[in-house]
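> any chance you could fold what I've pasted below:
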Amino acid sequence: MPAPDLLLLRVAATWSLPGLGLLALADAATPHLAAHPLHTALAVEAVLPAGGRLAGTGTVEEITRGETTERGLLLDLGPEGTTLPPGTEIWLLAGAQQTDSSPDGRAASLGNSLII
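Have a look, this model is predicted:
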């Protein structure tokens with residue numbers, strides 16, 4: 001039996017990062033997102049407050065704002081996903097985590113974080 005979809009985050013704010021994607025920050029704690037190593041690529045679906053859905057990929061990122069560090073997602077939702085309103089839910093699609101293509105099979109954190 002496949003694992004159920006998991007809510008990774010509910011969007012509080014987003015920023016378009018040209019050439020990278022759409023950075024989404026959560027409105028509350030993100031325990032399911034925190035369970036994934038930094039830079040892990042995940043198959044996700046954005047469920048907009050009005051009911052629309054966009055599928056794509058999100059990578060787990062660490063964002064530092066002032067003294068606070070939090071997890072967010074850098075999203076690639078195609079041409080229709082260049083903005084997301086607050087309240088949009090980002091779900092991990094069941095059984096759809098991207099495979100690790102690093103040479104030793106263990107993806108390593110790059111040690112990068114975004115400071116905004």
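> list the contacts of the host helix or strand of Ala55.
Ala55 belongs to strand 53-65 when assigned by DSSP states H and E. By Cβ atoms under 8 Å, 6 or more residues apart in numbering, the residues outside strand 53-65 that reach it are 8, 23-25, 33, 36-48, 69-78, 80-81, 90, 93, 98, 112-116. Glycine gets a C-beta too; all of them are placed from N, C-alpha and C.
> sheet-wise, list the partners of that strand with their directions.
Counting by DSSP bridges, the strands paired with strand 53-65 are strand 41-47 (antiparallel), strand 68-76 (antiparallel), strand 114-115 (parallel).
> who is the residue nearest the centre of the chain paired with across the strands?
Nearest residue to the geometric centre of the chain (Cα atoms, centre = their mean): Leu73, 2.6 Å. Following DSSP bridges, Leu73 is listed with bridge partners Ala24, Val60.
> show me the contacts for it.
8-9, 23-24, 33, 42, 44, 58-61, 90 are the contacts of Leu73 under Cβ under 8 Å, 6+ apart.
> how near is it to Arg53?
Leu73 sits 16 Å away from Arg53, going by Cβ to Cβ, to the nearest Å.
> what's the farthest-apart pair in the contacts of Leu73?
Farthest pair in those (Cβ to Cβ) is Leu23 and Leu42. Separation: 14.6 Å.
> looking at those two, which is more packed in?
Per other Cβ atoms under 10 Å, whichever of Leu23 and Leu42 has more neighbours is Leu42, with 22 against 19.
> wait, the more buried one sits on His36?
Yes - using Cβ atoms under 8 Å, Leu42 is in contact with His36, at 6.7 Å.
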